[in-house]
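**Student:** predicted model follows, preceded by the sequence.
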Amino acid sequence: MLPDTNVSDVSLAFTDSTTGYLRAGAVLKMTSDGGRTWRTAPVSVPYDTSKLAVAGEVAWIIGSHAFTYTLDGGVRWFERKVDFPSHVISFSLVSADTGYIAGCHGMIYRYRVVPFDYSVPGMIVIPGMTTFVTDGS
């Protein structure tokens, strides 16, 4: 049982049998012992997010214009403003270096790690992290 937790608006994701993340309202909690104990992560949860996605050491929490992420299993969290052309409605991580973001009006972006000097039309760069490239479909 997690006292003082907003259980009406939650998202839960585990990377393995011991490591998990629980977004409860505007709070993110983490466990490394299979849920026996939870600690609050020092992270800003976007106000309009509905879920979190995890793949290995990488975790995402995305709102309309806020992208909160970790690349090291939750040790450090970062937040970047991202001007997606429409409201983000869903996202998924396939692996630590491949993910997808879907938005209103048919917007689909693919996340991938690219070389620093890589550029294509429609690319959204997130300084200090990675790049989103339109899927084109």
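**Tutor:** It's in.
**Student:** please enumerate the helices of this structure.
**Tutor:** In the chain, no helices are defined using DSSP state H.
**Student:** tell me where the model's unsure across it.
**Tutor:** Counting by pLDDT under 70, the chain has low-confidence residues at 1, 3-4, 6-8, 50, 64, 113-116, 125-137.
**Student:** tell me, what residue is most central in it?
**Tutor:** Nearest to the centroid of the C-alpha atoms of the chain, with distances taken as CA atoms, centre = their mean, sits residue 60, at 1.2 Å.
**Student:** show me what contacts that residue?
**Tutor:** When contacts are counted by CB atoms under 8 Å, 6 or more residues apart in numbering, residue 60 touches 52-54, 67-69, 91, 93, 99. From N, CA and C alone the C-beta is placed, and that goes for glycine too.
**Student:** again, 6 Å this time
**Tutor:** 53, 69 (CB atoms under 6 Å, 6 or more residues apart in numbering).
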